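Chemist: what's the 3D shape of this:
(2 chains)
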Protein chains: 2
Amino acid sequence: MADAAAPVFKRLAIIGHGLIGSSISRAVRRADGLIDHIAVADNDPTTRAASAALELADSVHDDPLAAATGADCVVLCTPVGTYGDLARALAPALAPGCIVTDVGSIKRIVSRDVAGHLPDGVHLIPGHPLAGTEKSGPEAGFAELFEGRYWILTPPEGADPEAVARLAKLWRGVGAIVEIMDEEYHDQVLALTSHLPHLISYTIVATAVDLEEHMKCDVIRFAASGFRDFTRLAGSNPVMWRDVFLNNSGAVLEMLQRFQEDLTYLQRAIRRGDGDTLENLFTRTREIRRGVIEAKQDVPPQPKDGDDDD
Amino acid sequence: MADAAAPVFKRLAIIGHGLIGSSISRAVRRADGLIDHIAVADNDPTTRAASAALELADSVHDDPLAAATGADCVVLCTPVGTYGDLARALAPALAPGCIVTDVGSIKRIVSRDVAGHLPDGVHLIPGHPLAGTEKSGPEAGFAELFEGRYWILTPPEGADPEAVARLAKLWRGVGAIVEIMDEEYHDQVLALTSHLPHLISYTIVATAVDLEEHMKCDVIRFAASGFRDFTRLAGSNPVMWRDVFLNNSGAVLEMLQRFQEDLTYLQRAIRRGDGDTLENLFTRTREIRRGVIEAKQDVPPQPKDGDDDD
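Modeler: Next comes the predicted model:
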């Protein structure tokens, strides 16, 4: 039997300390006994200074290699486009038994870009917490971000079950619901639930950017009528989302195609004044909303002090 | 000078007592001295029973004519498609000096369908509070719904300034920021800020409805990743939105065309792997989000007891 007092990992290296990375720091700190030492690396001196000032790490490094040295778990919290170079740079620090994971929005890229660089005996277990806000930076994180949220793991075939269980224990320790899933299926489902909504939000906000100045001003003033939610998604990290679309283009383009067909169907109904088609479709969509509410996924994550996530 | 103790209106008739109508009742009640008598009409007996049980009216009627008789202000809170018939039915009850207004999401339809039915001396001043949630029914309303929200009035040319000022005083009394606007311009701006976001939300949720069953189930479970906000808009009242699209089709189709062009531009960038185009656009959209936050329109309305709006 494992020692009840032993931490899940001795040294957790968090590479990239923005919204998600800093929220992991906070959540791990709050849940006693998960980790002995939190080592953080970030290439931005402002971020490092903020993380140190907020006391979100036991050690703060500019070099990811230094943070990962001696770590038994390394979490990549940088945009997915950085993974290949990062894995190559980290490799010399990774000892057998170490678990490498990530928090990126797409998962096939991890086995593609990371696996080949890892030394023998290092466990690669890609992951994705379905939690976040549109804000960036270590100040934006909060300890409750993962509470009651899904944290998907996509271990490759033949992954060590004990390593998977250990990583799952860590994320359960910060309040998440851990799910095991195939990486290909993950990227398909997320293309609809996350990537397409972000793409559409960026698009509709871009449509507003191109309006004449006085109308743009009124669009902002009157955003409360529906537009607001789109601006929130469209305020997300541009580099992170660029990398998502470039690296999950197949699934995104397929979902976009389905969406375009459905939109054209509604456009045609509006042009022809076909009220029955509109009302039928608007009624059928309510079942999905009910499902989301029943699954308790209808409320955005909030810090405990009750601040809004904006 | 007006008597400080005199109410803004003696008898306010609210025709249709769903989310908005019942929130007006609550807000008017809470702000002392705005109205002497609240008369409510609704054609649904369940709604009438709920409004009576919640004590949201001084009198509850099945016949709109009965509610409007003796009223010096009548507010239409039914789907915009009902306005023509309703105005014809109400006309015999409307005395000179009475103000007729509404809360509908489109405004040209009001002068088109209502004005011709009103007796001489009755003031038509269409209105639109930019506040709401996706819920329906009198139980869903709350007194704080209009606080800090815009309430647009679109008085026709030649409208009586005193009547406009009196109606504005009422809505300021429930916490709203009153704006005067041209009806045509209103319908254009709202086509982008409200109608297009709802249309797109209905579409993407409809796309999910048509997925294979197991994937649909996972889309619901993993909605927190972006999809959630769309399901909220797509849970709105189907009849109300059908009427909006049928009666503002020109402006909606024009904004939809612009949106489709912008979406095709991004689609092309994804297909070609053009990361610069994606990152540039994703960066430009942030200015709009900052504008929305500065205008303090970034937070959804909440009842005072802290319940979430879902």
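Chemist: Pick out the residue of the stretch 1-150 of chain A closest to chain B.
Modeler: In the stretch 1-150 of chain A, no residue comes nearer to chain B than residue A:130, which is 4.6 Å away by C-beta to the nearest C-beta. Where C-beta positions appear, they are placed from N, C-alpha and C, glycine not excepted.
Chemist: Identify each of the helices in chain A and give its residue range.
Modeler: Remark: helices of chain A, listed N- to C-terminal, are A:19-30, A:45-53, A:64-68, A:83-90, A:108-113, A:161-173, A:183-190, A:196-209, A:213-221, A:227-233, A:238-247, A:249-272, A:275-284, A:286-294; assignment by DSSP state H.
Chemist: Run a quick neighbour tally on the residue of the stretch 1-150 of chain A closest to chain B.
Modeler: A count of nearby residues for residue A:130, using other C-beta atoms under 10 Å in any protein chain shown, gives 23.
Chemist: wait, it sits on residue A:153?
Modeler: No: shown here, residue A:130 and residue A:153 do not form a contact pair, counting by C-beta atoms under 8 Å, at 12.0 Å.
Chemist: any chance of the helices of chain A in TSV, with distance to chain B and mean neighbour count too?
Modeler: Written out in TSV, the entries for the helices of chain A read as follows (distance: least, C-beta to the nearest C-beta, whole Å; neighbours: other C-beta atoms under 10 Å in any protein chain shown):
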stretch	distance to chain B	mean neighbour count
helix A:19-30	13	24
helix A:45-53	18	16
helix A:64-68	23	22
helix A:83-90	15	19
helix A:108-113	14	19
helix A:161-173	15	18
helix A:183-190	5	21
helix A:196-209	4	25
helix A:213-221	4	17
helix A:227-233	4	25
helix A:238-247	4	23
helix A:249-272	5	18
helix A:275-284	4	17
helix A:286-294	4	19
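Chemist: Dump the ones you listed into JSON lines; add mean pLDDT as well.
Modeler: Formatted as JSON lines, the entries for those read as follows, by pLDDT from 0 to 100:
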{"stretch": "helix A:19-30", "mean pLDDT": "96"}
{"stretch": "helix A:45-53", "mean pLDDT": "96"}
{"stretch": "helix A:64-68", "mean pLDDT": "98"}
{"stretch": "helix A:83-90", "mean pLDDT": "97"}
{"stretch": "helix A:108-113", "mean pLDDT": "95"}
{"stretch": "helix A:161-173", "mean pLDDT": "98"}
{"stretch": "helix A:183-190", "mean pLDDT": "95"}
{"stretch": "helix A:196-209", "mean pLDDT": "92"}
{"stretch": "helix A:213-221", "mean pLDDT": "88"}
{"stretch": "helix A:227-233", "mean pLDDT": "86"}
{"stretch": "helix A:238-247", "mean pLDDT": "93"}
{"stretch": "helix A:249-272", "mean pLDDT": "95"}
{"stretch": "helix A:275-284", "mean pLDDT": "94"}
{"stretch": "helix A:286-294", "mean pLDDT": "84"}
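Chemist: Of those, which is nearest residue A:5?
Modeler: Within the helices of chain A, the stretch nearest residue A:5 is helix A:161-173; the backing value is 14.3 Å (C-beta to C-beta).
Chemist: elements contacting the closest one?
Modeler: When contacts are defined as 3 or more C-beta pairs under 8 Å, 6 or more residues apart in numbering or on different chains; DSSP states H and E, helix A:161-173 packs onto strand A:9-15, strand A:99-102, strand A:127-129, strand A:150-153, strand A:177-180.
Chemist: and with 10 Å instead?
Modeler: When contacts are defined as 3 or more C-beta pairs under 10 Å, 6 or more residues apart in numbering or on different chains; DSSP states H and E, helix A:161-173 sits against strand A:9-15, helix A:19-30, strand A:73-76, strand A:99-102, strand A:123-124, strand A:127-129, strand A:150-153, strand A:177-180.
Chemist: That one versus strand A:9-15: what angle between them?
Modeler: Direction vectors for helix A:161-173 and strand A:9-15, defined by axes from the mean of the first three to the mean of the last three C-alpha atoms, to 10 degrees, enclose an angle of 70 degrees.
Chemist: Run through the residues of the stretch 1-150 of chain A sitting next to chain B.
Modeler: Remark: the part of the stretch 1-150 of chain A in contact with chain B comprises A:81, A:105, A:128, A:129, A:130, A:131, A:132, A:134, A:148, A:149, A:150, using C-beta under 10 Å from any C-beta of the partner chain.
Chemist: Could you list the domains of chain A?
Modeler: What automatic domain parsing lists as the domains of chain A is A:9-181, A:186-294.
Chemist: Verify the contact between residue A:47 and residue A:18 for me.
Modeler: Yes: Residue A:47 sits in contact with residue A:18 when judged by C-beta atoms under 10 Å, with a separation of 7.1 Å.
Chemist: Show me the common contact partners of the two, please.
Modeler: Taking C-beta atoms under 10 Å, 6 or more residues apart in numbering or on different chains as the criterion, residue A:47 and residue A:18 both touch A:136, A:137, A:138, A:139.
Chemist: if you skip the residues just before and after it, what's nearest to residue A:123?
Modeler: Of all residues not flanking residue A:123 in the chain, residue A:163 sits nearest, at 4.0 Å (C-beta to C-beta, 6 or more residues apart in numbering or on different chains).
Chemist: follow-up on the earlier one: hey, what's in contact with both of residue A:130 and residue A:153?
Modeler: Shared contacts of residue A:130 and residue A:153 (C-beta under 10 Å, 6+ apart): residue A:179.
Chemist: Contact partners for residue A:251?
Modeler: Shown in contact with residue A:251 (C-beta under 10 Å, 6+ apart): A:106, A:108, A:184-192, A:195-196.
Chemist: just checking, residue A:89 touches residue A:69?
Modeler: No: with the criterion set as C-beta under 10 Å, residue A:89 and residue A:69 do not qualify as a contacting pair; they are 11.9 Å apart.
Chemist: Overlap of the contact sets of those two?
Modeler: When contacts are counted by C-beta under 10 Å, 6+ apart, residue A:89 and residue A:69 are jointly contacted by residue A:63.
Chemist: returning to that earlier point: tell me the one of the shared contacts of residue A:47 and residue A:18 nearest residue A:39?
Modeler: Of all the shared contacts of residue A:47 and residue A:18, residue A:138 has the smallest distance to residue A:39: 14.7 Å, by C-beta to C-beta.
Chemist: Could you count how many residues lie near the closest one?
Modeler: When neighbours are counted by other C-beta under 10 Å, residue A:138 comes out with 27.
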